[in-house]
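Participant: missing the sequence, but the structure's below:
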């Protein structure tokens, strides 16, 4: 089994750039679940993509235009969304913000890079 420590301090984790104005930091994970902070500069885009993992995300800061399967909504701090397996999704930061993404099963490719 691959897993992080039971207790994780974000200051001990590195940020990884993903797209212009976007970076992620893995918080905790095991084979079945992963929690990731994703930091966005204003107007940064998480481009449309899909993956076999179920994703649930929480808007920790800012506001985002989130698109899932061609449907878009504006979400603000405290709101959340879920992405079913293999559904096309992406977002645009309408202001500086942060998402807390959870994935099941964990995203092993995030650990490889």
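Facilitator: The structure has been received and is ready for your questions. Predicted model only: the values in this text are computed from it and were never measured.
Participant: hang on, residue 109 in a helix?
Facilitator: Yes: counting by DSSP: H, G, I helix; E, B strand; the rest coil, residue 109 is found in a helix.
Participant: Which positions in the host helix or strand of residue 103 come out as buried?
Facilitator: Element membership for residue 103, per DSSP states H and E: strand 97-104. For strand 97-104, the neighbour count (16 or more other C-beta atoms under 10 Å) marks 97, 98, 99, 100, 101, 102, 103 as buried. All C-beta atoms are positioned from the backbone trio N, CA, C, and that covers glycine.
Participant: would you list the residues you listed in CSV and tack on pLDDT and distance to residue 28?
Facilitator: Below are those laid out as CSV (pLDDT from 0 to 100; distance: C-beta to C-beta, whole Å):
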residue, pLDDT, distance to residue 28
97, 98, 21
98, 98, 16
99, 98, 16
100, 98, 11
101, 98, 12
102, 98, 10
103, 98, 12
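Participant: need these in JSON lines with distance to residue 23, can you?
Facilitator: Shown next, in JSON lines, are the buried residues of strand 97-104 (distance: C-beta to C-beta, whole Å):
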{"residue": "97", "distance to residue 23": "12"}
{"residue": "98", "distance to residue 23": "10"}
{"residue": "99", "distance to residue 23": "12"}
{"residue": "100", "distance to residue 23": "14"}
{"residue": "101", "distance to residue 23": "13"}
{"residue": "102", "distance to residue 23": "18"}
{"residue": "103", "distance to residue 23": "17"}
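Participant: Looking at these, which two lie furthest apart in space?
Facilitator: Across the buried residues of strand 97-104, no pair lies farther apart than 97 and 103, at 19.1 Å, counting by C-beta to C-beta.
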